[in-house]
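>>> dropping the sequence and predicted coords here.
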Amino acid sequence: MRIIGIDAFQVAWSPNDTSAQRSAFVIIRTDDGLSGYGEASPMQGGLASLGIIQNHLAPILIGQDPLDHAVLLDRAMHTLVKLGPEGALTGALAALDIAMWDLKGKYTGLPIHKLIGGAWNTELPFYASIGGNGDRSLDDVLRIVEARMADQPAAIKIRFDNDRTALDSDIPGDIAKALAVRQLVGDRFPLAFDANNGYTVGGAIRVGRALEGLGYWWFEEPVQHYHVRAMGEVARALDITVSAGEQTYTLPALNDLISAGVRMVQPDIVKMGGVTGLLRCAALAHAHGVEIVPHQTQPMIGHTANLHIVASLLQGTKPAEWNDPSTRTHAVFENPPVPAGGLFHLPEGPGLGLRVNEAELNKRRR
Ligand code: CA
């Protein structure tokens with residue numbers, strides 16, 4: 001099997017979407033007539049990763065066998081390493097790796113979870129990940145949490161998308177929202193709090209202590225992601241599980257986070273390494289006795305690729321992330337992943353198991 005074409009493009013789910021609101025997809029086509037689908041990190045619409053694929057990676061990969069994906073992409077990573085192996089480059093490589101695993105599955109007739117050694121469970125609980133709570137009023141936070149409870153999540157995470165240039169801007173307000181949500185859902189319902197890097201070390205410890213008192217399950221990215229030692233300092237100071245890693249792009253960097261003291265890591269399949277990379281992260285986390293709970297906010301390809309990995313994790317300790325849902329991506333997929341009874345069902349079709357309507361996709365290509 002040889003790669004004969006690589007398409008890298010944005011998908012505009014609605015005609016009014018700005019460039020930054022679009023998804024970044026890749027299709028790898030082979031001489032066998034197969035198409036593998038992948039997705040890159042959508043930051044700023046994924047344009048930087050798409051450009052790297054078009055300009056630098058496609059010329060390297062045309063003519064190669066996609067079953068050699070790990071060798072091909074590790075070689076490409078080291079060829080382009082001076083672009084900076086953190087972010088746009090790893091997002092590009094992640095998209096290609098996912099597409100090549102989709103091809104491997106279609107070539108063999110097997111779903112990705114079979115190719116990586118099997119699923120512990122094919123019915124997967126999820127947590128509802130709810131963004132935008134820094135700017136919402138307390139009442140509006142409660143209304144959106146109530147609405148998301150209708151999906152029967154196993155847990156809820158409230159995210160505080162704060163201004164990262166203004167740390168500790170409303171600690172009393174943030175704690176008041178955490179308390180109100182706890183009172184709304186009752187003492188036993190699992191909750192998580194995502195600071196999105198909004199605090200200083202001292203501010204984070206203050207918020208973390210409040211979350212401990214409220215019985216929150218984990219406290220995500222309390223300080224700036226690039227302050228790795230500070231992240232570890234907060235993790236070591238608190239009893240609540242502190243998590244980080246969605247903005248970590250290499251295996252050595254994930255190791256640094258673990259060495260600093262973080263005991264729950266959240267690498268993202270569309271930001272680093274794809275399927276191959278996330279499996280390496282899982283091995284590293286297991287070796288250190290650290291929880292791995294992948295970050296995932298992309299509703300279709302990213303989400304489905306992530307489910308295959310989550311299902312395969314030994315000691316999967318937390319439900320899979322499911323970001324603010326919308327039906328606007330559904331027309332492009334004949335079997336869009338949607339939970340039923342609080343569970344996602346792992347696709348059994350070859351590769352990712354997603355059936356793409358290419359005509360609908362083409363209407364949205366940019
Ligand atoms: Ca997060």
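Yep, that arrived. Residues are numbered from 1 along each chain as shown.

>>> how about the contacts made by whichever residue of the stretch 251-366 of the chain sits closest to the ion?
Minimum separation of the stretch 251-366 of the chain from the ion (CB to the ion) falls at H295, amounting to 6.1 Å. Any C-beta I mention is one placed from the backbone N, CA and C, and that applies to glycine too. Listed by CB atoms under 8 Å, 6 or more residues apart in numbering, the contact set of H295 reads 245-246, 266-268, 271, 321.

>>> what about the helices in the stretch 201-350 of the chain?
201-213, 228-237, 251-260, 274-288, 301-312 (DSSP state H, counting those that start in this stretch).

>>> the fourth one vs helix 301-312, what angle?
Between the axis of helix 274-288 and that of helix 301-312 there is an angle of 40 degrees, by axes from the mean of the first three to the mean of the last three CA atoms, to 10 degrees.

>>> please enumerate the strands of this structure.
3-11, 23-30, 35-40, 123-130, 155-159, 191-194, 218-220, 241-244, 264-265, 291-292, 320-323, 343-345 (DSSP state E).

>>> give me the distance from the second one to the chain's centre.
Looking back up the chat, that one is strand 23-30. In terms of CA atoms, centre = their mean, to the nearest Å, the centre of strand 23-30 is found 18 Å from the chain centre.

>>> that one to strand 3-11, inter-axis angle?
Between strand 23-30 and strand 3-11, the angle comes out at 170 degrees (the same axes, to 10 degrees).

>>> might you enumerate the residues of this protein proximal to the ion?
Within the chain, the positions near the ion by CB under 5 Å from the ion are 194, 220.

>>> could you chop the chain up by domain?
Using automatic domain parsing, the domain parsing of the chain gives 3-109, 114-345.

>>> now do the first one, average pLDDT.
If I follow you right, that is domain 3-109. Domain 3-109 shows a mean pLDDT of 97.

>>> and the longest helix for the chain?
Among the segments of the chain that qualify as a helix by DSSP state H, the longest is helix 88-108.

>>> which other helices and strands does that one contact?
Under the contact definition 3 or more CB pairs under 8 Å, 6 or more residues apart in numbering; DSSP states H and E, helix 88-108 sits against strand 23-30, strand 35-40, helix 47-52, helix 69-79, helix 112-115, helix 274-288, helix 301-312.

>>> could you rerun that using 7 Å?
strand 23-30, strand 35-40, helix 47-52, helix 69-79, helix 112-115, helix 274-288 (3 or more CB pairs under 7 Å, 6 or more residues apart in numbering; DSSP states H and E).

>>> in that helix, what's buried?
Neighbour-count burial for helix 88-108 flags 88-107 (criterion: 16 or more other CB atoms under 10 Å).

>>> for the protein, give the residue positioned nearest to the ion.
D194 (4.4 Å).

>>> that residue pairs with what?
Beta-bridge pairing of D194 under DSSP bridges involves R159, E220.

>>> residues contacting it?
Contacts for D194 (CB atoms under 7 Å, 6 or more residues apart in numbering) come out as 157-160, 220-221.

>>> quick check: the farthest pair among these?
I158 and E221 (13.0 Å; CB to CB).

>>> and V71, how far from K114?
Relative to K114, V71 is positioned 22 Å away (CB to CB, to the nearest Å).

>>> look up phi and psi at the nearest residue to L279 once chain neighbours are set aside.
Counting by CB to CB, 6 or more residues apart in numbering, I116 is the residue found nearest to L279 once chain neighbours are left out, at 6.3 Å. Main-chain dihedrals, I116, degrees, to the nearest 10: phi -100, psi 10.

>>> next: D187.
The phi/psi pair for D187 (degrees, to the nearest 10) is phi -70, psi -30.

>>> and for Q247?
Here Q247 shows phi and psi, under degrees, to the nearest 10, equal to phi -110, psi 30.

>>> burial check on it, number of neighbours?
Neighbours of Q247 under the rule other CB atoms under 10 Å: 21.
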